[in-house]
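J.: attaching a predicted model along with its sequence, questions to come.
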Amino acid sequence: MILYLYGENSYAISRQLSLIKSQYIKKTGSEGDMQSIDALEQGNDSLLASLSAMPMFVSSRLIILTNLPKSKPSQAQIDSILQNATDSTNLVIIDPNPDKRTTLYKSLSKVKGATEFRRLSRVELTKWALVEAHWAGAKLDSQLAGYLIDLVGENQWSLHNEISKLASYDSDISRDSIDELATPSLENNAFILAEALVRKDLPRVIKLYKNLKLQGYADQMILGAIIYQFRVLMLVIINNPQLNRAYRVSPYSTQKALPLVKALDIDDISRAYQDIAEADIATKTGELSSEEAMNGLFYKLCNQEYSSKN
């Protein structure tokens, strides 16, 4: 049996892999043979030998194979992997960043056990959070789940940890407990900052920026997060699914950005990128300190004059 688990949702892949392992152990018990192989470390020729070998003292084997795309197998080696895995070998190939242009992907995606794990939309993420809270023994309604997701971000690993933490504190999850215990993500803070920039609300922008600095984020990290948010806005305006996939922008991010683009066009984004580039260059050349460059950027994006004395 060959299973190909691929896609950007590493959390869902990890959960599925845990299920496969537990089912295998339940079926085989002490007679099982479970091993993980890094294709890049082992090499393709050695990998093929391992796959084609018959188990001697066990009824079946479970092999978890990672980094196969990085080992760059030839078409002949790909065919051998698919053909030489014995009936007693359960091969699970993990590919968190599939390149759908490659021969490897085109071959593996055709196997019967190929499953894609994509990132979730906001609606799907909300439903998932409700299930997670239930399994953690806590009560969480849809509105609070959405609030938590907006605060923490769409990363399911982070959300899982936050829900577990909140459930341990109080099984009846409330907005107060979320505000007190949940850790806001840089992505979420950057989105709120981008929203304030689009609305040209300079006092709020400066306040949000200072809060990010107090949380320990460096200016380059903040700038990078802002660039990402404006890229999302650009992609929403262009509205090209292929570009969204190429830039790996999730459905959650695009849905969240939809209300903001009503006040923008592509020229606005182009000017913003120019201002961002100038701030980045000024920092890297030493023309301005990073804080001066960031403040100057905010004033420009809000269409106001900036003085370092502000």
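T.: Thanks, I have it.

J.: rest of the way, CA atoms for contacts and neighbours
T.: Noted.

J.: so Gly216, which of the three states?
T.: Under DSSP: H, G, I helix; E, B strand; the rest coil, the three-state class of Gly216 is coil.

J.: need the helices for the stretch 151-300 of the chain, in chain order.
T.: Counting by DSSP state H, counting those that start in this stretch, the stretch 151-300 of the chain has helices at residues 156-169, 175-181, 186-198, 202-214, 219-238, 241-246, 251-257, 266-284, 290-301.

J.: in TSV, list those helices along with distance to Ser52, mean pLDDT and mean neighbour count.
T.: As requested, these are exported to TSV (distance: least, CA to CA, whole Å; pLDDT from 0 to 100; neighbours: other CA atoms under 10 Å):
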stretch	distance to Ser52	mean pLDDT	mean neighbour count
helix 156-169	35	95	18
helix 175-181	51	92	14
helix 186-198	46	89	21
helix 202-214	54	91	16
helix 219-238	45	92	19
helix 241-246	36	83	12
helix 251-257	41	86	18
helix 266-284	53	92	16
helix 290-301	57	93	21
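
J.: out of those helices, nearest to Lys100?
T.: Among the helices of the stretch 151-300 of the chain, helix 241-246 comes nearest to Lys100, with 10.5 Å by CA to CA.

J.: chain center to the closest one, what's the gap?
T.: 15 Å (CA atoms, centre = their mean, to the nearest Å).

J.: check which helices and strands that helix sits against.
T.: Contact partners of helix 241-246 among helices and strands, from 3 or more CA pairs under 8 Å, 6 or more residues apart in numbering; DSSP states H and E: none.

J.: could the C-alpha coordinates of that helix be exported in CSV?
T.: The C-alpha coordinates for helix 241-246 follow below in CSV (Å, rounded to 0.1, in the frame of the first residue of the first chain):
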residue,chain,number,x,y,z
PRO,A,241,-6.4,31.8,-8.3
GLN,A,242,-3.2,30.7,-10.0
LEU,A,243,-1.3,33.6,-8.5
ASN,A,244,-2.8,32.9,-5.1
ARG,A,245,-1.5,29.4,-5.3
ALA,A,246,1.9,30.5,-6.6
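
J.: relative to helix 156-169, how tilted is the helix or strand encompassing Trp128?
T.: Trp128 belongs to helix 122-135 when elements are defined using DSSP states H and E. For helix 122-135 against helix 156-169, the angle by axes from the mean of the first three to the mean of the last three CA atoms, to 10 degrees is 40 degrees.

J.: got the contact list for Gly146?
T.: 122, 126 (CA atoms under 8 Å, 6 or more residues apart in numbering).

J.: how many neighbours does Ile37 have?
T.: Counted with other CA atoms under 10 Å, the neighbours of Ile37 add up to 17.

J.: give me phi/psi at it?
T.: Note on Ile37: backbone dihedrals following degrees, to the nearest 10 are phi -130, psi 130.

J.: quick check: beta-bridge partners of it?
T.: Leu65 (DSSP bridges).

J.: and it, what's its pLDDT?
T.: Ile37 is assigned 89 on the pLDDT scale.

J.: wouldn't it be in contact with Leu62 here?
T.: No. The criterion here is CA atoms under 8 Å, and Ile37 misses it with Leu62 at 10.6 Å.

J.: gap between the helix holding Trp128 and the chain center?
T.: The mean C-alpha position of helix 122-135 is separated from the chain mean by 17 Å, CA atoms, centre = their mean.

J.: try stretch 130-148
T.: On CA atoms, centre = their mean, the centre of stretch 130-148 falls 20 Å from that of its chain.
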